[in-house]
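have a look at this fold, sequence not included:
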């Protein structure tokens with residue numbers, strides 16, 4: 001039977017396998033040294049007290065001190081190894097998890113934009129570097145303690161076995177009663193966090209239309225469900241944890257009573273009286289710790305499963321041969337596109353050609369598929385059928401890092417990132433001052449930037465200035481034009497512009513046209529038509545008209561005239577009927 005290929009998480013754990021084995025190896029010696037205080041007690045009561053030998057006591061104390069220092073050192077080394085493992089897992093996985101989160105957001109059209117996977121990785125790393133995990137490494141060494149207890153006396157051994165079975169049953173009950181509730185609570189908590197993030201992102205709309213109370217009510221309902229599940233799990237876990245601790249303390253006292261009876265009947269020495277109780281507590285401690293830290297273990301398991309599922313869907317991008325810089329020739333063949341989350345295609349079997357250097361306007365009514373088309377042209381959304389070719393090559397076959405400098409994209413929703421204006425325009429690559437200023441000038445935003453407090457070094461975002469919608473749109477245009485790309489897509493570039501910005505956009509389009517770049521412009525405003533070479537009219541996801549600007553405009557005017565004539569004839573007919 002062939003093995004399934006491992007994902008990056010499983011590969012990272014395999015890389016760290018030797019380190020986990022080292023932790024288990026150290027745990028063997030740690031648990032062996034845990035026996036030292038017990039044997040020290042036996043030797044003191046069995047040798048030192050009867051013989052009144054101070055030298056023996058001093059020597060035993062020195063040996064105990066050295067071994068206890070060794071125990072402390074081994075525990076410290078063991079914890080440091082786990083910290084190194086957690087850091088190594090983070091180093092091995094953080095980039096893949098970030099890329100997987102990005103792909104997830106991209107493939108969902110932004111509906112599943114969340115940093116939950118990165119948070120899961122952080123929480124998993126913290127669990128690995130915590131103390132709760134060591135209980136799972138120490139528990140397998142329980143047979144060592146049981147064997148020693150049998151060496152002391154068979155009754156000690158069987159009592160230890162019985163107590164261990166009871167605690168193991170309590171651990172199983174803990175998982176059975178709390179595991180499902182904790183998993184559901186974790187899932188609901190993630191959904192509530194995502195809902196809160198989306199709500200806060202739209203704070204202005206919520207405040208202006210008085211939606212806060214309703215949305216808070218929905219959030220509170222989800223939050224109450226999380227609290228109910230967590231409370232249920234915590235209540236059950238609290239009962240089992242209390243029973244476990246009480247039972248362990250009771251058994252240690254009962255072990256003292258049993259030891260006293262065995263001393264009275266001369267079956268064991270007085271030294272074994274305290275040693276049995278002490279060793280029993282140490283033997284049962286890992287199981288008791290496992291019950292106490294079960295909530296953290298369940299959370300870590302849920303986080304691992306989510307990470308595993310996320311990374312399973314991350315397909316490594318194949319190595320692609322570097323292609324020459326594109327000229328901008330676009331050829332679309334039999335394109336069918338269904339947006340993420342939708343069930344029916346929005347773009348239906350369209351084909352067209354846009355030679356390099358052509359400025360194409362895309363017009364049409366709302367929901368005609370304009371934004372879906374431009375996202376597909378940029379390779380953001382993958383088509384269900386057909387292909388978009390850039391200079392003859394499928395655009396999805398281009399390495400995005402290599403292609404990026406040759407394309408520019410201005411989406412409808414402008415999002416600038418936290419940083420300086422120059423960093424945003426330069427796409428957060430090494431800033432080329434000459435290219436940055438040139439892009440700003442072409443976009444007609446250079447003078448506006450100079451008026452800002454620190455010019456191009458002005459920081460925007462949570463710690464900087466807030467820009468208006470028009471300012472963000474014009475800086476986004478400069479970012480799209482940075483480096484003189486050969487393919488430029490502008491989706492409603494004038495939606496937030498005033499008259500000054502509109503004129504600046506017209507000048508920018510003229511300058512872009514002179515560079516020979518291929519440009520696609522989605523717009524509802526007619527004053528931009530003068531800058532176009534070709535016009536594409538979309539209707540219900542299909543191309544109803546496509547050709548030279550004058551030809552398409554004439555055809556649209558003829559269609560409009562016919563429509564008006566039909567309306568006039570219908571009105572005249574209705575008036576005649578009313579007169580009769």
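Looks like it arrived, so ask away. Given the structure is predicted, the values throughout are model-derived calculations rather than measurements. Numbering: from 1, shown residues only.

surely residue 55 is within a helix?
Yes - Residue 55 sits within a helix when classified using DSSP: H, G, I helix; E, B strand; the rest coil.

counting neighbours, what do you get for it?
9 (other C-beta atoms under 10 Å). Any C-beta I mention is one placed from the backbone N, CA and C, and that applies to glycine too.

distance of it from residue 66?
Residue 55 sits at a distance of 17 Å from residue 66 (criterion: C-beta to C-beta, to the nearest Å).

work out for me the element the one residue sitting closest to the centre of the chain sits within.
Centroid-nearest residue in the chain: residue 117, 3.0 Å away (criterion: C-alpha atoms, centre = their mean). Element membership of residue 117 [criterion: DSSP states H and E] is helix 116-128.

where does pLDDT dip in the stretch 101-250 of the chain?
The stretch 101-250 of the chain contains residues with pLDDT under 70 at 105-115, 179, 190, 194-195, 197-209.

mind listing the helices for it?
Counting by DSSP state H, counting those that start in this stretch, the stretch 101-250 of the chain has these helices, from start to end: 116-128, 134-138, 142-152, 154-201, 203-208, 212-264.

separation between the residue nearest to the centre of the chain and residue 560?
52 Å.

could you list the domains of this structure?
With domains defined by automatic domain parsing, the chain comprises 1-125, 134-292, 330-416+485-568.

any chance of those domains in a markdown table, plus distance to residue 307?
As requested, the domains of the chain are arranged in a markdown table below (distance: least, C-beta to C-beta, whole Å):
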| stretch | distance to residue 307 |
| --- | --- |
| domain 1-125 | 5 |
| domain 134-292 | 13 |
| domain 330-416+485-568 | 22 |
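
which one, of these, ends up nearest to residue 324?
Across the domains of the chain, residue 324 has its closest neighbour in domain 330-416+485-568 (7.9 Å, C-beta to C-beta).

please state the offset of the closest one from the chain centre?
Offset of domain 330-416+485-568 from its chain centre (C-alpha atoms, centre = their mean, to the nearest Å): 32 Å.

span of that domain from start to end?
42 Å (C-alpha to C-alpha, to the nearest Å).

check stretch 459-473 too.
Start-to-end, stretch 459-473 (C-alpha to C-alpha) is 16 Å.

how about residues contacting the helix holding residue 117?
82, 85-87, 89-90, 93-94, 97-98, 100-101, 104, 133, 190, 193-194, 296-297, 299-300, 303-304, 306-307, 310 (C-beta atoms under 8 Å, 6 or more residues apart in numbering).

in the stretch 451-580 of the chain, which spans are helices?
Going by DSSP H, counting those that start in this stretch, the stretch 451-580 of the chain shows helices at 469-481, 499-515, 549-579.

do the stretch 301-450 of the chain as well
Using DSSP H, counting those that start in this stretch, helices in the stretch 301-450 of the chain cover 370-377, 400-403, 421-425, 433-442, 446-450.

select, out of the helices of the stretch 451-580 of the chain, the one closest to residue 330.
helix 499-515 (15.5 Å).

that closest one - contacts with which helices or strands?
strand 359-363, helix 433-442, helix 469-481, strand 518-522 (3 or more C-beta pairs under 8 Å, 6 or more residues apart in numbering; DSSP states H and E).

deepest in the core, which of these is it.
With neighbours taken as mean count of other C-beta atoms under 10 Å, the helices and strands packed on helix 499-515 reach their highest mean count in strand 518-522, at a mean of 25.

by contact count, what packs against that strand?
Using 3+ C-beta pairs under 8 Å, 6+ apart: strand 518-522 touches strand 359-363, helix 370-377, strand 487-491, helix 499-515.

check contacts around residue 351.
With C-beta under 8 Å, 6+ apart, residue 351 has these contacts: 332, 333, 334, 335, 386.

actually residue 553, not the one I wrote
So residue 553 contacts 529, 535 (C-beta under 8 Å, 6+ apart).

distance of residue 363 from residue 327?
Distance from residue 363 to residue 327, by C-beta to C-beta: 26 Å.

what's the closest non-adjacent residue to residue 437?
residue 446 (6.5 Å; C-beta to C-beta, 6 or more residues apart in numbering).

give me the number of residues near the one you found?
Neighbours of residue 446 (other C-beta under 10 Å): 17.

hang on, it packs against residue 439?
No - with contact defined as C-beta atoms under 8 Å, residue 446 does not reach residue 439; the gap is 9.1 Å.

state the pLDDT value of residue 63.
In this model, residue 63 is scored at 91, pLDDT.

which strands and helices sit next to the helix or strand it falls within?
In this structure, residue 63 sits in helix 54-107 according to DSSP H and E. For helix 54-107, the packing partners by 3+ C-beta pairs under 8 Å, 6+ apart come out as helix 8-15, helix 17-33, helix 36-43, helix 116-128, helix 134-138, helix 294-312.

next one: it to chain centre, how far?
26 Å.

quick one: it to helix 116-128, angle?
Interaxial angle, helix 54-107 versus helix 116-128 (axes from the mean of the first three to the mean of the last three C-alpha atoms, to 10 degrees): 170 degrees.

for the nearest residue to residue 479 once chain neighbours are set aside, give its distance to residue 513.
Leaving aside its chain neighbours, residue 479 sits nearest to residue 425 (5.1 Å; criterion: C-beta to C-beta, 6+ apart). From residue 425 across to residue 513, the span is 21 Å (C-beta to C-beta).

of these two, which one has the most company?
residue 425 (29 against 16).

I'd assumed residue 437 was in contact with the more buried one.
No - between residue 425 and residue 437 there is no contact under C-beta under 8 Å: 9.0 Å.

joint contacts of these two?
Shared contacts of residue 425 and residue 437, counting by C-beta under 8 Å, 6+ apart, come down to residue 456.

for stretch 449-468, buried residues please.
For stretch 449-468, a neighbour-count test (16 or more other C-beta atoms under 10 Å) marks 449, 452, 456, 458, 459, 460, 464, 467 as buried.

check the gap between the residue nearest to residue 302 when sequence neighbours are not counted and residue 288 for me.
Spatial nearest neighbour of residue 302, excluding adjacent residues (C-beta to C-beta, 6+ apart): residue 186 at 5.0 Å. Distance of residue 186 to residue 288, computed by C-beta to C-beta: 24 Å.

again with residue 257
In terms of C-beta to C-beta, residue 257 sits 20 Å off from residue 288.

between these two, which has more neighbouring residues?
In this view residue 257 and residue 288 are compared by other C-beta under 10 Å, and residue 288 has more residues nearby, 20 against 11.

residue 395: which of the helices and strands packed on helix 499-515 is closest?
strand 518-522 (12.4 Å).

list the strands paired with the closest one, with their directions.
strand 359-363 (parallel), strand 487-491 (parallel) (DSSP bridges).

the last one vs helix 469-481, what angle?
Okay, so that is strand 487-491. 160 degrees.

same check, this time on the first one
Angle between the axes of strand 359-363 and helix 469-481 is 140 degrees (criterion: the same axes, to 10 degrees).

now do strand 359-363 against helix 499-515: the angle between them, please.
Using the same axes, to 10 degrees, the inter-axis angle of strand 359-363 relative to helix 499-515 is 130 degrees.

can you name the residues in contact with strand 359-363?
354, 370, 373-374, 509, 512-513, 518-524, 528-529, 531-538, 549.

of the residues you listed, grab the buried ones for PyMOL.
Only the buried members of those enter the following PyMOL selection, criterion being 16+ other C-beta under 10 Å:
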select buried, resi 354+370+373+374+509+512+513+518+519+520+521+522+523+528+531+532+533+534+535+536+537+538+549
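
fine by me, we can end here.
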